[in-house]
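>>> Next one to model:
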Amino acid sequence: MTPRWRRDCALWRREPPPPSQGTEGIAWLCVAPRDEIKGGSFYLDRKPQTKHIAGPFFSEGRRTKNSEAEVDAMMEALAAAVAK
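Numbers count the residues shown, from 1 in each chain. Next up is the predicted model:
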């Protein structure tokens with residue numbers, strides 16, 4: 001459990017889940033029927049949660065946004081890193 005995770009759980013006003021509960025959630029996602037899963041969603045307690053950041057590379061949404069130029073620069077940096 002990282003200090004940031006503990007801080008975030010305190011902000012949510014819930015105790016951090018034990019490791020067994022976290023692994024249960026991952027296992028459930030692996031075997032859940034496709035029609036019960038929303039692609040790209042963040043799940044907590046088997047329910048999709050509201051995201052604070054939306055869009056590829058944070059290009060949409062109300063809070064954090066990147067311009068198309070920033071997204072293009074990041075994609076170029078990724079391509080260069082993979083080519084090494």
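
>>> Domains in this protein, by residue range?
Taking automatic domain parsing as the reference, the chain has its domains at 1-50, 53-84.

>>> Distance-wise, check residue 30 relative to residue 37.
Summarising the geometry, the distance separating residue 30 from residue 37, computed by C-beta to C-beta, to the nearest Å, is 10 Å. (Glycine included, C-beta is placed from N, CA and C.)

>>> Between those two, which is the more surrounded one?
Between residue 30 and residue 37, residue 37 has the larger neighbour count (other C-beta atoms under 10 Å), namely 14 against 7.

>>> Can you read off the pLDDT for the more buried one?
At residue 37 the predicted local distance difference test score is 89.

>>> Same check on residue 79?
The pLDDT attached to residue 79 in the predicted structure is 92.

>>> cool, residue 28 as well?
In this model, residue 28 is scored at 89, pLDDT.

>>> just for this structure, where's the confidence low?
By pLDDT under 70, the weakly predicted segments of the chain are 1-2, 4-16, 51-65.

>>> quick one: the strands in it?
Applying DSSP state E to the chain gives strands spanning 42-44, 47-49.

>>> Identify the residues contacting the first one?
Here strand 42-44 makes contact (C-beta atoms under 8 Å, 6 or more residues apart in numbering) with 25, 29, 48-49, 51.

>>> strand partners of that strand, parallel vs antiparallel please.
When sheet partners are counted by DSSP bridges, strand 42-44 sits next to strand 47-49 (antiparallel).
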